[in-house]
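Need coordinates for the following:
(chains A and B)
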Amino acid sequence: MGSSAKKKSDKKKDFKKPKLKVGKARPKPTNFTDTSFKSKSIVLAHQSLTTTAPTRSSQFSHHLSLLSSKSPSQRRDSLAYLTTAIASRPVNGPLPQPISVLLPKLNPLILDGSNGVRSQLLLLLRVLPSKDIEPHIGQLLLYIRAGLTHLAADIRSSATEILLWALETCPDELVSCAGGWVKTLKCLLTVLHWHEPTPKPAASGGGPSSNWTSTQAANLGNAGAKGRLPIKTLNALAAFLRAGLVPAPDEHENIPFQSKWPFPLRHVECHMLPKRSNAFTHLNLFGPPRDEEGEMYIEPEERQRIFHKRFQRAVNLGVEAGKREGGEVGRATAGVGKAVEEGMEGVEPDI
Amino acid sequence: MPKRKVGALDKVDADLSNLQYKIRRDPISYKDDFEGQYSQYEHRREIFLQAPSSATEDGIVSFQDLIYFVAHVADCYPQHTKQFPQDLMKILSTHHEELELDLREKIVGSLVLLRRKGVIDSSTLLHTLFPILISTPSKSLRALLFQKILSDLRTSNANATNHRLNRTFQTVLYNLLSADRASPKGIWAVKLTRELWKRQIWTESKAVEIMKEAALADNEKVIVGGVRFFLGGDKEREELEDESSDDEAVDMGRIKHQMAINKKNKKKARMMDQAVATVKKKERKKKQPHPLNFSAFHLLHDPQGFAEALFSKHLQNTRSKLNLEQKLLVLQLVSRLVGLHKLTIMSLYSYFIKYLTPRQPSVTSFLASLAQATHNLVPPDVLEPLIQKIANEFVSEAAAAEVASAGLNTIREICVRQPLAMNDTLLQDLVMYRKSKDKGVVMAAKGLLSLYREVGADMLKKRDRGKEAAMGLRSGQRKEQRFGEEALGEIEGLELLEKWKEEERQRQRIEKGLPAERESDEEKEDEEGDPGDWEVDEADDTDGSGGWINVESDKEIDISDSEDDKPRVKKVKLDSTTAKADEDKENEDEKAETTAQKPSTLATTRILTPADLAKLQELRLSASINFALPASQRKRAAQAAAALQARHADDPLTAAEIEGLASLSKKSTKADKIALSRAGKGDESVHQSTQAKRKEKKEALGKSTTNREKARKKNFLMTLGKGKAKGKRSLVQQGRVLKAHVERGKRGGKRGNQGK
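The predicted structure is shown next:
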């Protein structure tokens, strides 16, 4: 019987609760068994070095799927893997996956939040063969434009770099694809804050809003970009204008017509199969109707006309203001001005 | 010139909400930033339109954030965002099936936001949302859209009725129903209309037309929705109104009392202000003219055509797919229409015959519908076989008591409406059931007996007729009513009112010391100088709203009752809010002119004031009671009469009324009895002493506590110091304390209560 004090306390002990304390390790339960052990070395019984290791192509597609991973470092590493895989393929060999599979995965990364991913993406894009890119430039350009006006300055900057790369790779397709000319130009001018002055006479009479538009063009650079952005953008604009306005030198142009084609043949090139891919896209037979902005402007003359109609005034104004600023910005702006001059050389204002 | 804000997004890199806040404060300065973001939105939209279905995992700023941002600041830059609402509408209407859930909700929300900001108008919004509501397969989207559409209609009708919007939307709903009668999409028209009817936003006949169209649809759900609206929509509306009016009953007296006693702080003061505001609002509401809401039945165009179409389409048609319950609903509607508007559908009555057996499921509903469909213009020979069948099938010694009482009740309800449908042998037979052992049957039989004592005593056996009816028959006062005969229209009890007025006038004159008869020139001043006659004495002035009569000119109307005045045709323009009694009176005016009889001229010579009408009601009641009854039974009779009056002519006859007292004839179990006795006693689960309950109630009412209670509740630590010191007092100190105690007792408490 529980008469003595000891027995009573023993009995109570059974029902005592262990006290838990914040920051202390949890007390072990009474029936806890320690299963840890120590050993000097670990011996692996089997090591798999078999032929069933994943093939290159499967690894490639695995990393391709990892591009939409949540962690930025994972995305960056996968991009790096893809870059090396593409770069190290045999010369003139085909890509491990067709470009139409690659690009939809790569495009959204232009807007990626992490700096490393974007710089790695640029590296990857550089190793892609330019011939393959050409038909898909329209898709890519959508994302580039979105990047150019992005809220984050870093993304804007890297999108500009990608635009520069695209201008180097396939300038003709870039300016002549659907929406490639007007929309991109508009986007670039928005980034630079080069506007057509508002036609309202009341507002332009020394009001604060009209004064600022011109001054604002200079201080676009955010703290993060340290003023490099407008220069980069200006360079991109200059390259873009040059690509769009200056007609490409045609190697056949100066060959006399008769020597090219013997007598009975005339205008043969008009009746031959087109050399461009997707030759009839500009007819837009199946897509939704396009407006002026989304239209394709294939010939440089068309581009010149639309440029003259819509943008030349704003660009000229911007160039003047930029030149006045001097320094690095002024030099870059002068480059733009020069590109405009070259491109619009033979065009007389018909309006 | 204000200080220039340089570098809008200097600190935060990608913070749309920050930019939004800044733009809202100073749209001009941040125009460039907005343009950048707007073009960003446009590019993202293009990307999105390439593959609308794919869930775009897009970095730090998502497309939906951009949409929300632009929607929030759209009113600051109207010319930039001209295209924005159209874009959203296009995305929503073309891709609503494949959009991501969040994005879809955001787009709908943005459109509503744009509507609130006045960027787009209501009809554009509704024309966008409604087609999606009826076509989308997603339940959550439907719920969202329904709620948004409803709230938009409510807000557009909040201040004043937006007739144009209502009309266009009603047309849309009507077209939806009438275009494809078999489609289940019509249910949305029904739901919307019912909801708006309930909230009294749509109260006109167009809404009723929509429901009429729904009731005649081909889809069962739509039919039932339409029919239920007619059967219960008005009740729902009344209930909602009652709810909203009595949800916040504020007892001003109590609040004032509490304010005087309790500690005063800002919160209490605010509560007081709120209470005052609600009371004032309520009072204002009370004084407002009562909105004249006609029930859906009365707003119906061509009820005969509607009832016929319903009957032939859903009930007579053998290919109709409705089940019994749905058919019963339609039958109820048809019979109510027939009863209320006194329509003639002959085939309706023969339709009932096959359902009149006790074994028919929910037969009481059929019986109720039959009784409801009867009115005094139904030929008796159509009803006679029905009554015969009910009597044969239901009312017999072999039948169960409930069955018999239900049958008797039905027969009584039919005969109330058409007394000629009964023949004397059957009646005498049925009346015999008042000797039955079952209480329900007895009551039903007695009801039938008392009915025929009034409407056709000669059909009863002599000993059943009762004193009053027998005397009436003998003296020839009671005439047999004939089919199609309409009683002479008059205001019931008007002669009583006239008599009372005369008496009253004489009494007053005698009090003043004048002769009981008077000269004619006196009376005009006398009458006109008595404005107190106009108002009702009691507080119930439901129909006596201010300015309820516009009299065209003073000389044409004559508020007097001089006997020598000839009844003239009056030109009285009645306000729309005048009560029904006034219409009766007008009818009365016309009839009085045409008939050769000379009824009381009171109504034709003067306008009956609300006070007069109230008195008339009172006199009528007392006259009917006082007529024959001994004083001991008067009170009960008065109650019964009041209950009868409370039942409006528009109220439906329900199955429960047909079942009547059948519940009495069932033997109730012990559990039932206990439950019955328990009912209304409150929550018995809490076992508390009466004292504790009282205390709780007192506390809940916010009353003060006694000193004793305060002492008991005092914090223990507060008493501790005093307790310790008490033991250590010196003798002198102790003496002082005792003296002070005595002194305090004399003064009457610590503060003393003498000077107050």
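
Low-confidence bits of the stretch 401-550 of chain B, can you list those?
Applying pLDDT under 70 to the stretch 401-550 of chain B flags the ranges B:478-479, B:515-550.

which residues of it fall in helices?
B:401-417, B:424-431, B:439-455, B:467-475, B:494-512, B:520-528 (DSSP state H, counting those that start in this stretch).

Tell me which of these lies nearest to chain A.
Set against chain A and scored by Cβ to the nearest Cβ, these come closest in helix B:401-417, at 63.2 Å. Every C-beta, even on glycine, is put in place using the N, C-alpha and C of the backbone.

Let me know the angle separating the closest one from helix B:424-431.
130 degrees (axes from the mean of the first three to the mean of the last three Cα atoms, to 10 degrees).

hey, C-alpha coordinates of helix B:401-417 in CSV?
Below are the C-alpha coordinates for helix B:401-417, written out as CSV (Å, rounded to 0.1, in the frame of the first residue of the first chain):
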residue,chain,number,x,y,z
ALA,B,401,-60.2,10.9,-39.5
GLU,B,402,-57.5,13.0,-41.1
VAL,B,403,-58.8,12.1,-44.6
ALA,B,404,-62.4,13.0,-43.6
SER,B,405,-61.5,16.3,-42.1
ALA,B,406,-59.3,17.2,-45.1
GLY,B,407,-62.2,16.4,-47.4
LEU,B,408,-64.7,18.4,-45.4
ASN,B,409,-62.3,21.3,-45.2
THR,B,410,-61.9,21.3,-48.9
ILE,B,411,-65.6,21.2,-49.5
ARG,B,412,-66.0,24.1,-47.2
GLU,B,413,-63.3,26.1,-48.9
ILE,B,414,-64.9,25.5,-52.3
CYS,B,415,-68.3,26.4,-51.0
VAL,B,416,-67.1,29.6,-49.5
ARG,B,417,-66.1,30.7,-52.9
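
Can you spell out which helices and strands pack onto it?
helix B:363-372, helix B:380-393, helix B:439-455, helix B:655-659, helix B:662-665 (3 or more Cβ pairs under 8 Å, 6 or more residues apart in numbering or on different chains; DSSP states H and E).

ok, how many other residues are close to the nearest residue to residue A:57 once chain neighbours are set aside?
Closest residue to residue A:57 apart from its sequence neighbours, by Cβ to Cβ, 6 or more residues apart in numbering or on different chains: residue A:96 at 5.5 Å. Here the number of neighbours of residue A:96 (other Cβ atoms under 10 Å in any protein chain shown) works out to 18.

Kindly reformat the helices of the stretch 401-550 of chain B as TSV and extend each row with mean neighbour count.
Shown next, in TSV, are the helices of the stretch 401-550 of chain B (neighbours: other Cβ atoms under 10 Å in any protein chain shown):
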stretch	mean neighbour count
helix B:401-417	25
helix B:424-431	16
helix B:439-455	20
helix B:467-475	14
helix B:494-512	14
helix B:520-528	12
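
need these in TSV with distance to residue B:268, can you?
Below are those laid out as TSV (distance: least, Cβ to Cβ, whole Å):
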stretch	distance to residue B:268
helix B:401-417	58
helix B:424-431	68
helix B:439-455	57
helix B:467-475	65
helix B:494-512	52
helix B:520-528	52
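
before we move on, the earlier item: closest one to residue A:19 among the helices and strands packed on helix B:401-417?
helix B:662-665 (64.1 Å; Cβ to Cβ).

Show me what the helix or strand just after that closest one is packed against.
Downstream of helix B:662-665, the next assigned helix or strand under DSSP states H and E is helix B:670-678. Packing partners of helix B:670-678 (3+ Cβ pairs under 8 Å, 6+ apart): none among the helices and strands.

mind listing what's buried in stretch A:13-31?
Buried residues in stretch A:13-31, counted by 16 or more other Cβ atoms under 10 Å in any protein chain shown: none are found.

Compare the helices of the stretch 401-550 of chain B and report which one is nearest to residue B:614.
Between residue B:614 and the helices of the stretch 401-550 of chain B, the tightest spacing by Cβ to Cβ is seen for helix B:494-512, at 10.5 Å.

Run the chain-centre distance for the closest one.
The chain centroid and the centroid of helix B:494-512 are separated by 40 Å, computed with Cα atoms, centre = their mean, to the nearest Å.

Equivalent analysis for stretch B:35-51, please.
51 Å.

could you dump that stretch to PDB, C-alpha only?
Presented in PDB, the C-alpha positions along stretch B:35-51 are these (Å, rounded to 0.1, in the frame of the first residue of the first chain):
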ATOM      1  CA  GLU B  35       4.000  55.500 -70.300                       C
ATOM      2  CA  GLY B  36       6.800  53.000 -69.700                       C
ATOM      3  CA  GLN B  37       4.700  50.800 -67.700                       C
ATOM      4  CA  TYR B  38       1.800  51.100 -70.100                       C
ATOM      5  CA  SER B  39       4.000  50.000 -73.000                       C
ATOM      6  CA  GLN B  40       5.200  47.200 -70.700                       C
ATOM      7  CA  TYR B  41       1.600  46.200 -70.200                       C
ATOM      8  CA  GLU B  42       1.100  46.200 -74.000                       C
ATOM      9  CA  HIS B  43       4.100  44.100 -74.600                       C
ATOM     10  CA  ARG B  44       3.100  41.600 -72.000                       C
ATOM     11  CA  ARG B  45      -0.400  41.500 -73.400                       C
ATOM     12  CA  GLU B  46       1.100  40.600 -76.800                       C
ATOM     13  CA  ILE B  47       3.200  37.800 -75.200                       C
ATOM     14  CA  PHE B  48       0.100  36.700 -73.300                       C
ATOM     15  CA  LEU B  49      -2.000  36.600 -76.500                       C
ATOM     16  CA  GLN B  50       0.500  34.300 -78.100                       C
ATOM     17  CA  ALA B  51      -0.400  31.600 -75.600                       C
END
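
Which helix or strand contains residue B:175?
helix B:163-179.

got the buried residues for that helix?
Going by neighbour count (16+ other Cβ under 10 Å), the buried part of helix B:163-179 is B:165-166, B:169-170, B:172-174, B:176-178.

what pLDDT does residue 29 get?
Answering for chain A, as no chain was given. Note for residue A:29: predicted pLDDT of 83.

could you do chain B instead?
pLDDT at residue B:29 comes out at 86.

repeat for residue A:349
Turning to residue A:349, the model gives it a pLDDT of 56.

Kindly indicate which of the buried residues of helix B:163-179 lies nearest chain A.
For the buried residues of helix B:163-179, the nearest to chain A is residue B:172 (27.7 Å; Cβ to the nearest Cβ).

how far away is residue B:274 from chain A?
According to Cβ to the nearest Cβ, to the nearest Å, residue B:274 and chain A sit 44 Å apart.

got a list of what that residue touches?
Residues in contact with residue B:274 (Cβ atoms under 8 Å, 6 or more residues apart in numbering or on different chains): none are found.

can you check residue B:461 too?
B:428, B:431 are the contacts of residue B:461 under Cβ under 8 Å, 6+ apart.

Equivalent analysis for the one 3 residues further on, please.
With Cβ under 8 Å, 6+ apart as the criterion, the residues that contact residue B:464 are B:428, B:431, B:449, B:453.

State whether residue B:718 is indeed within a strand.
No - counting by DSSP: H, G, I helix; E, B strand; the rest coil, residue B:718 falls outside a strand, being helix.

Next, the closest residue in space to residue B:35 that isn't next to it in sequence: secondary structure please.
Spatially, and ignoring its direct neighbours in sequence, residue B:35 is nearest to residue A:190 (5.6 Å; Cβ to Cβ, 6+ apart). The three-state label for residue A:190, taken from three-state DSSP, comes out as helix.
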